[in-house]
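# Coordinates for the following, if possible.
(4 chains)
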There are 2 protein chains.
Amino acid sequence: MKRTRPLKRKPKRSEPKHREPEAVDPRSIDDDPVVQGILTAISQKRLKPGAKLGEDKLAAAFGTTRIHIRQALSHLASRKVVMQIPNRGAFVYRPSWEEAQDIFAARRIIETAAVSAAVDRLDKAGKAELKAHMEREARHDRNDRWASLSLTAEFHILVAKLAGNRVLLEMSRELMLRTSLAIATFEQPGEPDCSPDAHPDIGALILARDKAGAVHAMRHHIEEMEQRIRPRDGEDEVDELTAIFQEIGARARAGG
Amino acid sequence: MKRTRPLKRKPKRSEPKHREPEAVDPRSIDDDPVVQGILTAISQKRLKPGAKLGEDKLAAAFGTTRIHIRQALSHLASRKVVMQIPNRGAFVYRPSWEEAQDIFAARRIIETAAVSAAVDRLDKAGKAELKAHMEREARHDRNDRWASLSLTAEFHILVAKLAGNRVLLEMSRELMLRTSLAIATFEQPGEPDCSPDAHPDIGALILARDKAGAVHAMRHHIEEMEQRIRPRDGEDEVDELTAIFQEIGARARAGG
DNA sequence: GCCGCAAATATTGGCGCCAATTTTGTGACT
DNA sequence: AGTCACAAAATTGGCGCCAATATTTGCGGC
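Sure thing, here's the model as predicted:
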């Protein structure tokens, strides 16, 4: 790479004409099974915020090598889904209380705009998709917690899809995930992420092309979600085991 | 990690109590000099969409090893600033025409919301920051193209900052960069990214707490930007060098 | 002289190994 | 008994090497 000779009439390579990268396999790292696995595990709340994601463990679990794991974790860290700390490892991202509020505020902005656009450009195919989803959500098994979580997330994604803006769709996906983390971090135990009745209402309003109504319903729905979380004061530093053992101790004292 | 033995009274390690990763150096990969270098090179349009980012070249240029380059490129690929193609390498991302339009639409949504929030929560410090930036932008050297580009980008970032939502700020940063790429891909040569007079107007309206006016001005400003780009039909496949040499040939014919 | 095929070259991808750092466990000392 | 210091183990970080793939160059045939 060093240009020792100042001039050379015939350079070995005449201005390397790198071909433009059109028409090539656009497969992204998002399709990586490790990324997908961690993502669904998080959105289904099988991985809690703060959980350690050891490279060797994951490599063994996914039956692959540490390099793929590193790539996947780096990608997820770029998307703020995991947090990487030098020489310490990767952890499921745990948003701060302020960040959680910012996430909900961003969703309010983006998803109301998405609903509005979805109503504007709703067509035959869109109506069909929406109806199909609403039916699936109506008759799903409410006892299957993991399926429920997946379905409720899919509704919001579907609305973003109907808006017809891929950039907005990516942002919605990212915000959905970060919402999962925010809720998992600050939720009161036992409550669902979405109130179960809100989605049919919003869907019906979209199908009726009631733009103002649908936007209002979506905003209300998100505000309702936001009101379900509460800041945990001070307790942040206490690690999970302490809380567990405190509870066990209290139960033991009460029971005997 | 295989649990061959069903029960073990004293496991070698008693439930590894990994400490929660609080209070640790939150330095991100965004601070990496390679990432920053490529980012500023792109936002200053010294790197054009489609440009090849060879790992060895970059490693030599930045005086580091290939591993750091790979990490930086992976991160930038996660943020859709570069495009990585297996076994081909990394290229500066070139958005499609549809994606470019989606980016502007997303900016319309997010930045109007940001302006609105900025007006709402404008305080003494915010006013000072805004005034300071407007002065800098007013008396900057208009012939220094690179400084101009940096300053105009900073205005939009500042507005997002004043909105007080970090998530929205990140999104704005990302959209700014992708706008640079969209404009660089589809611009008519020679035109600036932002119309030079729009920023003082918007800034003044924010300072006057005229929310509706500021929002309208920002929306208009972004729409104006959007109208400066045009789809290029067919020409996409033509090699850059071909275009350059065609121009040189035409100039030679005209000159002699 | 031009096109197609094949060797050569350059570039990226991946694995193993070892260094650096952190975390855990043990023991001595106050 | 508690705390500090030190050593051992585990985990992440990084470098060099080699394989896999793409691109360029060179050659021969048409």
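# mean confidence score for whichever strand or helix holds residue A:155?
Per DSSP states H and E: residue A:155 is located in helix A:145-162. Helix A:145-162 carries an average pLDDT of 89.
# Kindly report the same for stretch A:31-41.
Averaging pLDDT along stretch A:31-41 yields 93.
# What is the longest helix of chain A by residue count?
Criterion DSSP state H: the longest helix present in chain A is helix A:97-120.
# do that helix and chain B meet?
Yes - using C-beta under 8 Å from any C-beta of the partner chain, we find that helix A:97-120 touches chain B at A:98, A:99, A:102, A:103, A:105, A:106, A:109, A:110, A:113. Where you see a C-beta, it was placed from the backbone N, CA and C, and this is true even at glycine.
# list the helices and strands that helix packs on?
Packing partners of helix A:97-120 (3 or more C-beta pairs under 8 Å, 6 or more residues apart in numbering or on different chains; DSSP states H and E): helix A:145-162, helix A:166-186, helix A:198-207, helix A:211-227, helix B:97-120, helix B:166-186.
# Put together TSV for these, with mean neighbour count and distance to DNA strand C on each row.
Output for the helices and strands packed on helix A:97-120, formatted as TSV (neighbours: other C-beta atoms under 10 Å in any protein chain shown; distance: least, C-beta to the nearest atom of the strand, whole Å):
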stretch	mean neighbour count	distance to DNA strand C
helix A:145-162	19	29
helix A:166-186	22	20
helix A:198-207	20	40
helix A:211-227	18	33
helix B:97-120	22	22
helix B:166-186	22	20
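# Lowest average confidence across the ones you listed, which one?
Lowest mean pLDDT within the helices and strands packed on helix A:97-120: helix A:145-162, a mean of 89.
# how about residue A:230, phi and psi?
With angles defined as degrees, to the nearest 10, residue A:230 sits at phi -130, psi 140.
# what number of residues lie near it?
Residues within reach of residue A:230, counting by other C-beta atoms under 10 Å in any protein chain shown, total 10.
# rewinding a little: let me know the angle separating the longest helix of chain A from helix A:145-162.
Interaxial angle, helix A:97-120 versus helix A:145-162 (axes from the mean of the first three to the mean of the last three C-alpha atoms, to 10 degrees): 60 degrees.
# ok and helix A:97-120 relative to helix A:198-207, angle-wise?
40 degrees.
# Could you point out the helix or strand that follows helix A:97-120?
The C-terminal neighbour of helix A:97-120 among helices and strands, as given by DSSP H and E, is helix A:124-138.
# ok, back up a step: next, format the residues of helix A:97-120 next to chain B as a markdown table and append distance to DNA strand D.
Output for the residues of helix A:97-120 next to chain B, formatted as a markdown table (distance: C-beta to the nearest atom of the strand, whole Å):
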| residue | distance to DNA strand D |
| --- | --- |
| A:98 | 26 |
| A:99 | 22 |
| A:102 | 26 |
| A:103 | 25 |
| A:105 | 31 |
| A:106 | 28 |
| A:109 | 34 |
| A:110 | 32 |
| A:113 | 37 |
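# Report the closest residue of the stretch 151-256 of chain A relative to chain B.
Nearest residue of the stretch 151-256 of chain A to chain B (C-beta to the nearest C-beta) works out as residue A:167 at 4.2 Å.
# Now do the same contact list for that residue.
B:99, B:102, B:103, B:105, B:106, B:175, B:178 (C-beta atoms under 8 Å, 6 or more residues apart in numbering or on different chains).
# if we can go back for a sec, okay, the helices and strands packed on helix A:97-120 in a markdown table with distance to residue B:230 next?
Formatted as a markdown table, these follow (distance: least, C-beta to C-beta, whole Å):
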| stretch | distance to residue B:230 |
| --- | --- |
| helix A:145-162 | 28 |
| helix A:166-186 | 20 |
| helix A:198-207 | 33 |
| helix A:211-227 | 31 |
| helix B:97-120 | 9 |
| helix B:166-186 | 6 |
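# nearest to residue A:87, of the ones you listed?
With C-beta to C-beta as the measure, helix A:166-186 is the member of those nearest residue A:87 (23.5 Å).
# Next, the angle helix A:97-120 makes with the closest one.
Computed by the same axes, to 10 degrees, the angle separating helix A:166-186 from helix A:97-120 equals 140 degrees.
# quick check, distance from helix A:166-186 to the centre of its chain.
Computed by C-alpha atoms, centre = their mean, to the nearest Å, the chain-centroid distance of helix A:166-186 equals 4 Å.
# ok, back up a step: just list what the helix holding residue A:155 packs against, helices and strands only.
Helices and strands touching helix A:145-162, as assessed by 3+ C-beta pairs under 8 Å, 6+ apart, comprise helix A:33-43, helix A:97-120, helix A:124-138, helix A:166-186, helix A:198-207.
# what angle separates the longest one from helix A:211-227?
Comparing the axes of helix A:97-120 and helix A:211-227 via the same axes, to 10 degrees yields an angle of 160 degrees.
# Tell me what angle helix A:97-120 forms with helix A:124-138.
Counting by the same axes, to 10 degrees, helix A:97-120 points 130 degrees away from the direction of helix A:124-138.
# need the contact list for residue A:112.
Counting by C-beta under 8 Å, 6+ apart, residue A:112 makes contact with A:215, A:218, A:219.
# most centrally placed residue in chain A?
residue A:177 (1.5 Å; C-alpha atoms, centre = their mean).
# Without its sequence neighbours, what residue ends up closest to that one?
Leaving out its chain neighbours, the residue that sits closest to residue A:177 by C-beta to C-beta, 6 or more residues apart in numbering or on different chains is residue A:81, at 5.7 Å.
# ok, now which ones touch the one you found?
Taking C-beta under 8 Å, 6+ apart, we find residue A:81 in contact with A:38, A:39, A:42, A:92, A:93, A:177, A:178, A:181.
# got a list of what the third one touches?
Each residue near residue A:42 by C-beta under 8 Å, 6+ apart is listed here: A:81, A:92, A:177, A:180, A:181.
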